[in-house]
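J.: Fold the following, please.
(chains A and B)
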Amino acid sequence: MTTGELAVPARPTNRFRTALIVAAFVAFTVATCIPAIGGIDLDVGAIVRNWRNGAGKMLQLLQPNFAFLPRTWAPMLETLQMALVGAVASAIVSVPITLWAASPTNPNSWTRITVRTLVNIVRSVPDLVFATVLVAMVGVGALPGVLTLFLFNIGIVVKLVSEAIDSSDHGYMEAGHAAGGTQLQINRVTALPQTWPLFANQWLYTLELNVRISAILGIVGAGGIGRILDERRAFYAYGDVSVIILEILVVVILIEIMSNLLRKRLV
Amino acid sequence: MTGLQTPVKLPAQTELQTPTKPSRLWSTVFAIAVGAVVLVAGAGLKITWSDLPAMPGQIAHYLRLMFEAPNLEKLPRALFETWRSISMAWLGAIMCVVVSIPLGMLAANGVGPWWLRTALRGVFAVIRAIPEVIIALILLTVTGLTPFTGALALGIAGIGTQGKWVYETIESVQEGASEAVRAAGGNTAEVTRWALWPAAAPTLMSFALYRFEINIRTSAVLGLVGAGGIGSMLSNYTNFRQWDTVGMLLIVVVIATMLMDAVSGAIRRRIMEGAKVRDVARSS
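T.: Down below sits the predicted model:
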């Protein structure tokens, strides 16, 4: 053996596994591109042919018509009200449901699994789908919007906070058990004070989300700024549309700044 | 020295010198203010709250219409449209990830030059602020009312968040490896290839799958504006008030979403946590 050369062992290879993963990836991707079974027709030609239409729209969007701004105040206020009411209502309801869905705070596995399954079902329905169905049920207006946000927020808060409770250290709750407390007492005196910061964090997050979501809920008739957005778009008034988008952008950023300030104080 | 001469008398009851309770004035005022704002907001909404007690009954009525006997006649069509939604989500996720990984890397501290970083972060922030539906509405004028529009919209709309995740991941990678590469004489490209990428790749792949999960939900939303897929079908049958079909479609949406979440979640865990250590038969 010449000096300076190490007896390096052969690099471990995993060619078979890599090939399998790549094959699965390619197969799935190809299957999503076959229109005959529901896949997507990747019509790149359309982009080449019609890109001018989109560019034209973008150009119109880049010329916001600020004269339209005063007419957006009322719908924007409605959006904020919907976001706030939805977030607060869900915050109140989310506390007991969360404690039901976490295993340290609810030792009964049957109720726990039932609650979790229900929450998971609610979570897997997209927000605008809720809104569409609710608008058909209770009529056009702010009510279906608030209900949509309420359901959507409960899904988020319960899932995230109950998982956090599950994975946290429950020494303090065992102390409660050892002292002879009932489950209700333990939850109230030990679990709740420990989880307030988690709850507060998620509530603020849902408030932020709600402002974003309620901006588009109006498209299906659930009230707020989305209604006027959809209306102006239907009139091809892209200058007005871009003013509304800018307004949503500003409001979302303001809400985020506010909730970050609050979060620093609360958490 | 008086204390020594006259021994301190203990009070009959041992009283603790508790400090005075800290003032809760401001938190109370704050809580009342928040409560007032919420009440005003609730009162300001054009909702006839007196209808609310009748609501549960009404909703139960519709739920019965939807789920008592879901209409399975349209099931094959629904499965076809579900696959279309999944395709939209998948291709959108691929487009989004392919664009956002290089851009996000360039936007990370220590990789791209500062002007590029600032510009890219600005672009990400603007895209995050625009709802997907609006992006889809612009794209409609280019590619028409097709699922391809939906996939493109998902691909573009996701870049904002995905790019942010990418640069945050790259920035959270431990310094050690990049310093080692730099000490060995590597330039920025080599640092990215040999230190940052290997450390960040699992997280980035996991985020890519997560994007797919998000897109599955969003693709239903895009369907509502006419991009096709299960969302379009759902919106149509809701407008026709064919509740038994709507019920069936909702069941399909829920099952498909949960199934995809479960599969993708399992793969993500496998990527992040690595292979389970197989029990090596040590004895007997």
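
J.: Just the closest residue of the stretch 151-267 of chain A to chain B, please.
T.: A:L249 (4.1 Å; C-beta to the nearest C-beta). For glycine as for every other residue, the C-beta is placed from the backbone atoms N, C-alpha and C.

J.: Count residues in the vicinity of that residue, would you?
T.: The tally of other residues near A:L249 (other C-beta atoms under 10 Å in any protein chain shown) stands at 16.

J.: The residue lying closest to B:I47 once chain neighbours are set aside: what's it in contact with?
T.: Spatial nearest neighbour of B:I47, chain neighbours left out: A:L143 (4.8 Å); criterion: C-beta to C-beta, 6 or more residues apart in numbering or on different chains. By C-beta atoms under 8 Å, 6 or more residues apart in numbering or on different chains, the contact set of A:L143 is A:223, B:45, B:47.

J.: so who does the second one touch?
T.: In other words, B:L45. A:78, A:81-82, A:85, A:142-143, A:146.

J.: rewinding a little: now do the residue of the stretch 151-267 of chain A closest to chain B, the pLDDT please.
T.: At A:L249, the pLDDT value in this model is 82.

J.: next one: the one 4 residues further on
T.: As predicted, A:I253 sits at a pLDDT of 83.

J.: residues in contact with it?
T.: B:A129.

J.: Go again with 10 Å.
T.: B:125, B:129 (C-beta atoms under 10 Å, 6 or more residues apart in numbering or on different chains).

J.: Figure out the helix or strand that it lives in.
T.: In the assignment (DSSP states H and E), A:I253 maps to helix A:238-266.

J.: If you count neighbours, what's buried in that helix?
T.: In terms of neighbour count (16 or more other C-beta atoms under 10 Å in any protein chain shown), helix A:238-266 has its buried residues at A:238-245, A:247-249, A:251-252, A:255-256, A:259, A:262.

J.: Same question for stretch A:23-42.
T.: For stretch A:23-42, by 16+ other C-beta under 10 Å, it's A:32, A:38-40, A:42.

J.: got it, and stretch B:119-135?
T.: For stretch B:119-135, a neighbour-count test (16+ other C-beta under 10 Å) marks B:120-121, B:124, B:127-135 as buried.

J.: right, is it up against chain A?
T.: Yes: applying C-beta under 10 Å from any C-beta of the partner chain, one finds that stretch B:119-135 is in contact with chain A at B:125-126, B:128-134.

J.: Just to be sure, which of those residues are found in helices?
T.: Applying DSSP state H to the residues of stretch B:119-135 next to chain A, the entries found in helices are B:125-126, B:128-129, B:132-134.

J.: one step back: centre of the chain to the helix holding A:I253, how far?
T.: 16 Å (C-alpha atoms, centre = their mean, to the nearest Å).

J.: same question, stretch A:97-114
T.: Between the centre of stretch A:97-114 and the centre of its chain there are 23 Å (C-alpha atoms, centre = their mean).

J.: do it and chain B meet?
T.: No: Stretch A:97-114 stays clear of chain B (C-beta under 10 Å from any C-beta), getting no nearer than 14.6 Å.

J.: outside of that stretch, which residues touch it?
T.: Here stretch A:97-114 has contacts from A:90, A:94, A:96, A:115-120, A:154, A:157-170, A:172-174, A:177, A:183-184, A:186-188, A:190-192, A:195, A:198-199, A:202, using C-beta under 10 Å, 6+ apart.

J.: Tell me the buried residues within those residues.
T.: Here, 16+ other C-beta under 10 Å leaves A:90, A:94, A:115-116, A:119-120, A:154, A:157-162, A:164-165, A:168, A:170, A:173, A:183, A:186-187, A:190-191, A:195, A:198-199, A:202 buried among the contacts of stretch A:97-114.

J.: Restricted to strands, list those.
T.: Of the buried ones among the contacts of stretch A:97-114, none are assigned to strands by DSSP state E.

J.: show me which of those residues neighbour chain B.
T.: Checked against chain B using C-beta under 10 Å from any C-beta, those yield the following neighbours: A:N120.

J.: Nearest to chain A, out of the ones in helices among the residues of stretch B:119-135 next to chain A: which one, please.
T.: B:A129 (4.1 Å).

J.: Surely the closest one touches A:I244?
T.: No: B:A129 lies out of contact with A:I244 (C-beta atoms under 10 Å); the separation is 11.9 Å.

J.: Can you report how many residues neighbour the nearest residue to B:Q242 once chain neighbours are set aside?
T.: Excluding its sequence neighbours, the residue lying closest to B:Q242 (C-beta to C-beta, 6+ apart) is B:N71, at 7.3 Å. Neighbours of B:N71 under the rule other C-beta under 10 Å: 16.

J.: How about the contacts made by B:N71?
T.: B:237, B:242-249 are the contacts of B:N71 under C-beta under 10 Å, 6+ apart.

J.: So which of those are in helices?
T.: For the contacts of B:N71, the ones inside helices are B:237, B:243-249, with DSSP H as the criterion.

J.: Out of those residues, which are close to chain A?
T.: B:237, B:243, B:246-247, B:249.

J.: For those, work out which two are farthest apart.
T.: Within these, B:W243 and B:L249 form the most distant pair, 10.4 Å apart (C-beta to C-beta).

J.: Now for the two: what residues contact both?
T.: A:133, B:66, B:70-71, B:237.

J.: At the contact with chain A, which residues of the stretch 151-284 of chain B appear?
T.: Close to chain A, as judged by C-beta under 10 Å from any C-beta, the stretch 151-284 of chain B has residues B:151-152, B:216-225, B:228-231, B:234-235, B:237-241, B:243, B:246-247, B:249-251, B:253-261, B:267.

J.: Let's see which of these end up in helices.
T.: Short answer: those in helices (DSSP H) are B:151-152, B:216-222, B:230-231, B:234-235, B:237-239, B:243, B:246-247, B:249-251, B:253-261, B:267.

J.: can I assume B:G35 is in contact with A:L84?
T.: No: counting by C-beta under 10 Å, A:L84 is not a contact partner of B:G35; they are 11.4 Å apart.

J.: the more surrounded of the two?
T.: Comparing B:G35 with A:L84 by other C-beta under 10 Å, the one with more neighbours is A:L84, at 23 against 11.

J.: got the phi/psi numbers for the closest residue to B:G226 other than its chain neighbours?
T.: Of all residues not flanking B:G226 in the chain, B:L145 sits nearest, at 4.8 Å (C-beta to C-beta, 6+ apart). Dihedral pair for B:L145: phi -80, psi 70, per degrees, to the nearest 10.

J.: who touches B:L145 in this structure?
T.: Residues near B:L145 by C-beta under 10 Å, 6+ apart: B:136, B:225-228, B:232.

J.: again, but for A:W203
T.: Taking C-beta under 10 Å, 6+ apart, we find A:W203 in contact with A:87-88, A:90-92, A:94, A:153, A:156-157, A:161, A:259, A:262-263, A:266.

J.: Restricted to helices, list the residues you listed.
T.: A:87-88, A:90-92, A:94, A:153, A:156-157, A:161, A:259, A:262-263, A:266.
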